[in-house]
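1. got a structure for you, letters missing:
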């Protein structure tokens, strides 16, 4: 039984080490962004402007009250750290796609997954939204949370989080959002884990040799 355990541990260690990418470089850090939006409600594929409390979709737009369904709207990034700071996101302008966060969605307001959900011209960063859910919704506040993947040349595709907070001030709606990268294990971490498994296997073999 112990000999079988030792073999299993060695096999597991080798599989982990071999599975680790040779040049895994995940993104790290986070950043914020802001913009203007209009709340929409989509029913049976038909979408129209809505109150914040009844909204099921977000239209990111240029100015309050000026709607642009299905057209990505402007966003401004800032407070970047880690990889996002190095990419030059502080003060960068980009676009965010319109999207649904509940219900069935509609033309111009797709439900996730949404490829190229965010783009920043001149910065090779793409964020694809995988999921989004309501954290809180009222007549004055809309809070959403989501997950997705960051894509940057030279880095591994990196899982990330998306947090959207929209507020209504009279007829004007604005939002702030934060995003962060969830770094995947580096090769060094995988090697350390493999070394630990190797040590366990060696200890098991020594125990077998004594018995």
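-> Looks like it came in fine. Worth saying up front: this structure is predicted, and the values here are computed from it rather than measured.
2. quick check, pLDDT for the closest residue to residue 141 other than its chain neighbours.
-> In this structure, residue 141 finds its nearest non-sequential neighbour in residue 167, 5.8 Å apart by CB to CB, 6 or more residues apart in numbering. C-beta: built from backbone N, CA, C; applies to glycine. For residue 167, the model assigns a pLDDT of 95.
3. wait, is residue 84 part of a strand?
-> No: counting by DSSP: H, G, I helix; E, B strand; the rest coil, residue 84 is located in no strand; its state is helix.
4. residues in contact with it?
-> 27, 29, 30, 31, 77, 125, 181 (CB atoms under 8 Å, 6 or more residues apart in numbering).
5. ok, back up a step: tell me the secondary structure at the residue nearest to residue 141.
-> strand.
6. what about the nearest residue to residue 137 once chain neighbours are set aside, which SS state?
-> Among residues not flanking residue 137 along the chain, residue 53 sits closest, at 6.5 Å (CB to CB, 6+ apart). Per three-state DSSP, the local secondary structure of residue 53 is coil.
7. from what I can see residue 53 touches residue 138, true?
-> Yes: Residue 53 lies in contact with residue 138 (CB atoms under 8 Å); the separation is 6.0 Å.
8. higher neighbour count, these two?
-> Legend: neighbour count by other CB atoms under 10 Å for residue 53 and residue 138, higher for residue 53 (13 against 10).
9. where's the more buried one relative to residue 119, distance?
-> Using CB to CB, to the nearest Å, residue 53 is found at 30 Å from residue 119.
10. and for residue 70, the neighbour number?
-> Applying other CB under 10 Å, I find that residue 70 has 13 neighbouring residues.
11. sorry, that was for residue 81
-> Count around residue 81 with other CB under 10 Å applied: 15.
12. same deal with residue 118?
-> Residues lying near residue 118 (other CB under 10 Å) number 24.
13. got the contact list for it?
-> With CB under 8 Å, 6+ apart, residue 118 has these contacts: 75, 94, 95, 96, 97, 125, 126, 127.
14. quick one: the fourth one and residue 110, what's the gap?
-> This points to residue 96. The gap separating residue 96 from residue 110 is 13 Å, by CB to CB.
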